[in-house]
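Peer 1: sequence isn't available, so here's the structure alone:
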């Protein structure tokens, strides 16, 4: 049974994802976390930082993560410069990788917007290598005159 939540409560897992992302950007890994947590943000951070298709998110949680995204992009996501655009092998998923490198030298991360046809977007926070791997997984880079590349 799901607990009753105030619409303004931000669940711990949402706050924890933001803390992990902030620690990754700052270059703080494993040993920088209390021993009882035993978590390395680099190793445990997977999936979207914000999935607007997640019906369990309340408005406060969405606003909290959107605020984090905007602070790190230094603008609203629809106004941020685009580094690369990808299309999934089945052409159902479009990806915009924002051209705002985050993290420490040699360990760069990017925020990206993924949208499946007919769905709301998800925002992913991944290391540069994860985006490069998408090409190996069959995604193609889309180059167009309208891209901000």
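Peer 2: Here it is on my side, so go on. What you are looking at is a predicted structure, and each value in this text was computed from that prediction instead of being measured.

Peer 1: was I right about residue 81 contacting residue 98?
Peer 2: Yes. Using C-beta atoms under 8 Å, residue 81 is in contact with residue 98, at 6.8 Å. To be clear about C-beta, it is placed using only N, CA and C from the backbone, and glycine gets the same treatment.

Peer 1: any stretches of this structure with poor pLDDT?
Peer 2: Applying pLDDT under 70 to the chain flags the ranges 1-7, 29-47, 144-149.

Peer 1: all helices of it, in order?
Peer 2: Assigned by DSSP state H, the chain shows helices spanning 12-26, 41-44, 59-73, 128-136.

Peer 1: what does the lengthiest strand in the chain contact?
Peer 2: Secondary structure of the chain per DSSP state E: the longest strand is strand 107-116. Here strand 107-116 makes contact (C-beta atoms under 8 Å, 6 or more residues apart in numbering) with 24-25, 27, 48-49, 69, 72-73, 77, 83, 92-98, 100-103, 121-128, 131.

Peer 1: show the buried residues in these.
Peer 2: 24-25, 48-49, 69, 72-73, 77, 83, 93-98, 100, 102-103, 121-128, 131 (16 or more other C-beta atoms under 10 Å).

Peer 1: from residue 75, how far out is residue 85?
Peer 2: 18 Å (C-beta to C-beta, to the nearest Å).

Peer 1: just residue 135 next, same as before
Peer 2: 27 Å.

Peer 1: what of residue 107?
Peer 2: Noted for residue 107: a distance of 23 Å to residue 75, by C-beta to C-beta.

Peer 1: and the longest strand of the chain, what's buried?
Peer 2: 109, 110, 111, 112, 113, 114, 115.

Peer 1: same check, this time on stretch 62-71
Peer 2: 62, 64, 65, 68, 69.

Peer 1: fine by me, thanks again.
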